[in-house]
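**Q** The sequence isn't on hand, but the structure is:
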Ligand code: DQA
């Protein structure tokens, strides 16, 4: 059966490309989805991409992934630093998780140094720009290959 990754991008990432380009670069969310889809296709893996500015919609998408996805790649954006609910959702579905941050959150404000999601992540990729999403796909493919 074809394997599938749920790609989740959190709040404000719909504005990638125009949002603080000095920090997040010039590539758009569409570019990210394209990169993830192309990289996953190298491994015969499908991608379901969603972006939301609403915590509950992200939680619903994570719950739905339990039925038909094999892994989650998530950039929870600001919810990284606030959301026990997203941590609980990821814990509940028991799928491998790759956490991605475009910027190096550890070189930024102190409130960005803590992630509620990291304890449940198999890998955490920070500060690699949008290329971090590609690394996440490759790592997930390795994990899924067993
Ligand atoms: C981010 C880092 C977060 O601190 C921030 O709130 C974001 C994006 C990143 O990709 O670098 O929205 O997750």
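**A** Done, it's in. Note that the coordinates shown come from a computational prediction; the quantities given were computed from them, not determined experimentally.

**Q** interface residues of this protein facing the ligand?
**A** By Cβ under 6 Å from any ligand atom, the residues of the chain that approach the ligand are 12, 75, 77, 78, 80, 101, 102, 103, 105, 112. Quick note: C-beta positions are derived from backbone N, CA and C, even for glycine.

**Q** Show the buried residues in the residues you listed.
**A** With burial judged by 16 or more other Cβ atoms under 10 Å, the buried subset of the residues of the chain next to the ligand is 75, 77, 80, 101, 102, 103, 105, 112.

**Q** per-residue pLDDT, the fifth one?
**A** Reading off the per-residue confidence, residue 102 sits at a pLDDT of 98.

**Q** same thing with the last one?
**A** Among the per-residue scores, residue 112 shows a pLDDT of 98.

**Q** Please name the nearest non-neighbouring residue to it.
**A** Excluding its sequence neighbours, the residue lying closest to residue 112 (Cβ to Cβ, 6 or more residues apart in numbering) is residue 105, at 4.2 Å.
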